[in-house]
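>>> Build me a model from this:
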Amino acid sequence: MGIALLILLVLVVLFVLYGVSIYNRLVKLRTLVEEAWSGINVQLKKRHDLIPNLVETVKGYATHERETFDSVTKARASAMQATDVKSQEAAENNLNAALIRLLAVAEQYPELKANQNFLQLQDQLSVIESDIEKSRRYYNGTVREKNIVIDTFPSNIVANMFKFEKSPFFELENEAEKAVPQIKF
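This next block holds a predicted model:
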């Protein structure tokens with residue numbers, strides 16, 4: 001009876017250690033997802049800070065395009081107030097569309113296209129868009145990893161016991177919005 005009890009005790013200890021290991025992995029993945037989301041927010045803040053400068057530069061040349069400027073300003077404000085992945089996703093889709101309209105207005109003014117300040121802002125926007133794309137890719141990779149652990153057996157048992165929830169992916173819904181805005185002069 002002593003050996004059977006010892007074997008049972010060893011199995012229980014191994015099961016508990018395995019459960020602790022899964023729990024720690026889930027905590028690590030949750031933290032990585034939060035860190036990745038923070039990285040997206042940093043890049044979006046840079047973008048949001050750059051947009052007023054871009055709008056003001058274009059305004060100097062295209063004073064009669066008030067509706068376009070207002071839509072960019074409103075879309076930026078909405079994007080800055082978004083609090084979760086889905087609302088941020090929708091707000092950024094609206095902001096992308098407004099920026100595309102703004103850059104289309106800029107296309108109509110040859111002297112603006114030659115303005116050094118505008119060209120510099122445009123380059124900065126291009127770099128930030130690239131950084132946002134990299135941040136989204138990292139975020140979605142960490143979400144994928146976390147969601148796989150939550151869905152697979154036997155880690156799903158531990159995930160359900162401790163109420164770990166799957167995280168949403170950060171995706172652009174419209175195919176046209178998936179491309180970085182192309183700015184050609």
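>>> Quick check: mean pLDDT of the helix or strand harbouring Asn160?
Per DSSP states H and E: Asn160 is located in helix 155-161. Across helix 155-161, pLDDT averages out at 95.
>>> What residues sit buried inside it?
Neighbour-count burial for helix 155-161, counted by 16 or more other C-beta atoms under 10 Å, picks out 155, 158-159. Using the backbone N, CA and C atoms, a C-beta is placed for each residue, glycine as well.
>>> Show me which of the residues you listed is closest to Leu11.
Among the buried residues of helix 155-161, Val158 lies closest to Leu11 (C-beta to C-beta), at 16.9 Å.
>>> so where is this protein shaky, pLDDT-wise?
172-185 (pLDDT under 70).
>>> could you pull out the helices for it?
2-59, 66-81, 85-107, 110-113, 116-151, 155-161, 175-178 (DSSP state H).
>>> Quick check: of the buried residues of helix 155-161, which lies closest to Glu35?
The closest of the buried residues of helix 155-161, once distances to Glu35 are taken by C-beta to C-beta, is Ala159, at 19.4 Å.
>>> Could you check how far the closest one is from Val149?
Separation of Ala159 from Val149 (C-beta to C-beta, to the nearest Å) stands at 7 Å.
>>> so what sits against both of those two?
22, 26 (C-beta atoms under 8 Å, 6 or more residues apart in numbering).
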